[in-house]
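Chemist: Take this sequence and fold it.
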Amino acid sequence: MTVADAWNGQLGRHWAEHPDRYNAMVARFDEPLFDAAAIGAEDRVVDIGCGSGFSTRIAARRAPRGRVTGVDVSVPLLERARALTDAGEFPSVSYELGDAQVHPFMPAGYDVAISRGGVMFFADHIAAFTNIARALRPGGRLTFICPQPPSPDGEERKALGLLASLLGQEHAIENAVAVAMASLSDPERVRKVLGAAGFEEVGIVPVTATTRWGRGGGRGGLLRLPYAGSHRLRRHPGLDGDSSPS
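Modeler: Residues are numbered from 1 along each chain as shown. Okay, the predicted model is just below:
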């Protein structure tokens, strides 16, 4: 089973049915992500792996005179994103089904690319980031967050295993998604991949926060686990005199 299969199967449907629950898991990372992205009022923004569109809508609020496009491989999540995005409040937001690794983006069509935990899942990271780089104007920025790997015997690993079991998928999805989630956890590998894709001035900032995994009903209460993440600002070649944060 591929990661794309998982996001279009029971895993993706579960995320689409419970967007508030899953958005709460990474809510503490929104501020560092968007501070680093430094989205301007007229910026054209692409949200890679947009899921149910929460981060897409945040970007739209920061670019009221721009436009924002959310891209995801998951049909269930995109359906939920469209349902949650009011056209009157967000007239400049659109969603597209596609794998950003091969998606036919308009060349230099965006000023900023963001991803709130979606870029780890590419089959070929260099090819994917090269494609995203082509979609950015010279001097454009890429900012994303992704998790560092949980320790083998840590509480986060246990929680991920329990989540997979509750979804009825057990090790097939757990292993595919877990491997992908850790694929960009090494800073040196991130720099190598992005450099090969044509990005310059790579900055990596570790961010640690407490994340909410769920609220128990008859069994247990609120579960909070430490989550190590990073937000990263990428600059595409051609940047001249930009003082955006890194």
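Chemist: Please go through the protein and pick out the longest strand.
Modeler: Across the chain, the longest stretch assigned as strand under DSSP state E is strand 200-215.
Chemist: May I have the strands that pair with it, each with its orientation?
Modeler: Taking DSSP bridges as the criterion, strand 200-215 forms sheet pairs with strand 222-235 (antiparallel).
Chemist: Make sure Ala63 is actually in contact with Gly40.
Modeler: Yes. Between Ala63 and Gly40 there is a contact under C-beta atoms under 8 Å: 6.7 Å. Placement of C-beta: from N, CA and C, glycine included.
Chemist: Comparing those two, which residue is more hemmed in?
Modeler: Between Ala63 and Gly40, counting by other C-beta atoms under 10 Å, Ala63 is the more crowded of the two (21 against 15).
Chemist: List the contacts of the more buried one.
Modeler: Ile39, Gly40, Ala41, Glu42, Asp43, Arg44, Val45, Ser92 (C-beta atoms under 8 Å, 6 or more residues apart in numbering).
Chemist: at 6 Å what do you get?
Modeler: Residues in contact with Ala63 (C-beta atoms under 6 Å, 6 or more residues apart in numbering) are Ile39, Asp43, Val45.
Chemist: can you give me the strands in this protein?
Modeler: Using DSSP E, strands in the chain cover 44-48, 67-72, 93-97, 110-116, 136-147, 200-215, 222-235.
Chemist: what angle do the first one and strand 136-147 make?
Modeler: Strand 44-48 and strand 136-147 are oriented at 40 degrees to each other (axes from the mean of the first three to the mean of the last three C-alpha atoms, to 10 degrees).
Chemist: The longest one now?
Modeler: For strand 200-215 and strand 136-147, the angle between their directions (the same axes, to 10 degrees) works out to 40 degrees.
Chemist: As PDB, could you dump the C-alpha coordinates of strand 200-215?
Modeler: Output of strand 200-215 as PDB, limited to C-alpha atoms (Å, rounded to 0.1, in the frame of the first residue of the first chain):
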ATOM      1  CA  GLU A 200      19.300  28.500  -1.800                       C
ATOM      2  CA  GLU A 201      19.800  30.000   1.700                       C
ATOM      3  CA  VAL A 202      18.200  27.100   3.500                       C
ATOM      4  CA  GLY A 203      17.300  27.800   7.100                       C
ATOM      5  CA  ILE A 204      16.200  25.100   9.600                       C
ATOM      6  CA  VAL A 205      14.700  26.000  13.000                       C
ATOM      7  CA  PRO A 206      13.700  23.300  15.500                       C
ATOM      8  CA  VAL A 207      10.400  23.900  17.100                       C
ATOM      9  CA  THR A 208       9.100  21.800  20.000                       C
ATOM     10  CA  ALA A 209       5.500  22.000  21.300                       C
ATOM     11  CA  THR A 210       2.900  19.900  23.100                       C
ATOM     12  CA  THR A 211       0.400  18.400  20.800                       C
ATOM     13  CA  ARG A 212      -3.100  17.200  21.600                       C
ATOM     14  CA  TRP A 213      -3.800  13.700  20.300                       C
ATOM     15  CA  GLY A 214      -7.300  13.200  21.500                       C
ATOM     16  CA  ARG A 215      -9.800  13.400  24.300                       C
END
